[in-house]
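Enquirer: Give me a 3D structure for the following:
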Amino acid sequence: MLRAVLDDYVARLAEKPEVAGVVILGGLARTGSRRFVDRTSDLDVSCFLSLPVPPELLRLHIRDFLVHVQPYLPSWVPNFKFLVPGSFSGLDWDVPLNNHQHVLEYEIQEHVQWDWHALEMYANGSEVVYDPTGDVAKLIAQKLETGRIEQREAVIRLLAFGRVLAKDTAGQCVARGHHAVAHDVLNEVLREVTTAWYALSDRFAPFVKWRIANLPSLDWAPPDAADRYAEAVRVSANDAAEVRRRQGIILAFIDEIETRCRATDPDWPQDIYSYAVNRVFWNRQLRARTVADMLPEVVGLHQDDKMRVERWDEFNWLLRSEKDLRS
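Expert: Next comes the predicted model:
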């Protein structure tokens, strides 16, 4: 019923000479993994246009590209979101339709990266229904392959910084009497925890309304993940005891994720924090190995242990150089 409505719209898009490809997204995509629609569902479609855009525009950031591409857009291009009136669909309700719109020549540029939500949308819930040249399918495959790097980095960010947030930062908030803020910090970490669960199954985390519902489809998740998540997300009081209760659940999740990583990836970095500040957090540290790290007494130590070595801290504080190692 809903698919027939969407097919009618897709057929009219495909008749437009500027349309290079059309992709059905969400629960109506026959090749997707979601396969769920009901009366409350939106219809989602992605339309790729091929336009004679000057090369200099293709190098712009998206916000500037959208400003300068306006004269090249055909006048029939619709709004992103609108209602399909029942008088057209034959249904007894008006169905929301989301028409995602792209310029193919811009999207294929290497500097154009799709965000996590877009990657998940095309990886888990998409069906290419019109693609006469094959360029749209090729584009999607390229973007997904590039995005796989983000999956591993999402786990690294969690293990390098999530434990600090959940334990130390939330603890600081409690010490200051800011219990609601501590809960907010924990909510942020918990979201990253669920993202890591999907990443460890080589999946992009879906939109938030599907994130927990789709846990049974994962190749790996902690035991009773959904039930424990429900306990972790629940906030019954703005006090220190409730923060500590939630901290315990979330920190246990992080420990399980780290154990899983070390058991399944032989190249997993031993010192996850040091690895992250060099390879993931690009605005943290320039030198891969500092002079302080060359001190004999810290060789082989992790970040937390290095910080307990006074001479290591001293070398950083006094901005020692390599010549100071020999003195």
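Enquirer: Give me the phi and psi for Glu15.
Expert: Here is the backbone geometry of Glu15 (degrees, to the nearest 10): phi -80, psi -20.
Enquirer: Pull the number of nearby residues for it.
Expert: For Glu15, the tally of surrounding residues (other C-beta atoms under 10 Å) stands at 9. Quick note: C-beta positions are derived from backbone N, CA and C, even for glycine.
Enquirer: Quick check, pLDDT for it.
Expert: Here the pLDDT value assigned to Glu15 is 97.
Enquirer: Next up, the contacts around it.
Expert: Counting by C-beta atoms under 8 Å, 6 or more residues apart in numbering, Glu15 makes contact with nothing.
Enquirer: rerun at 10 Å
Expert: Neighbouring residues of Glu15 by C-beta atoms under 10 Å, 6 or more residues apart in numbering: Tyr130.
Enquirer: Surely Arg211 is in contact with Arg191?
Expert: Yes - applying C-beta atoms under 10 Å, one finds Arg211 in contact with Arg191, separated by 8.3 Å.
Enquirer: Pull up the overlap in contacts between these two.
Expert: Ala205.
Enquirer: ok, the residue nearest the centre of the chain to Val309 distance?
Expert: Nearest residue to the geometric centre of the chain (C-alpha atoms, centre = their mean): Trp116, 3.4 Å. Using C-beta to C-beta, to the nearest Å, Trp116 is found at 38 Å from Val309.
Enquirer: go on, Glu256?
Expert: 30 Å.
Enquirer: what about the two, which has more around it?
Expert: Taking neighbours as other C-beta under 10 Å, Glu256 and Val309 compare with Glu256 leading, 19 against 15.
Enquirer: contacting residues for Lys16?
Expert: Residues in contact with Lys16 (C-beta under 10 Å, 6+ apart) are 22, 47, 49, 74, 76-77.
Enquirer: so is it in a helix, a strand, or just coil?
Expert: Look at Lys16: counting by DSSP: H, G, I helix; E, B strand; the rest coil, its state is coil.
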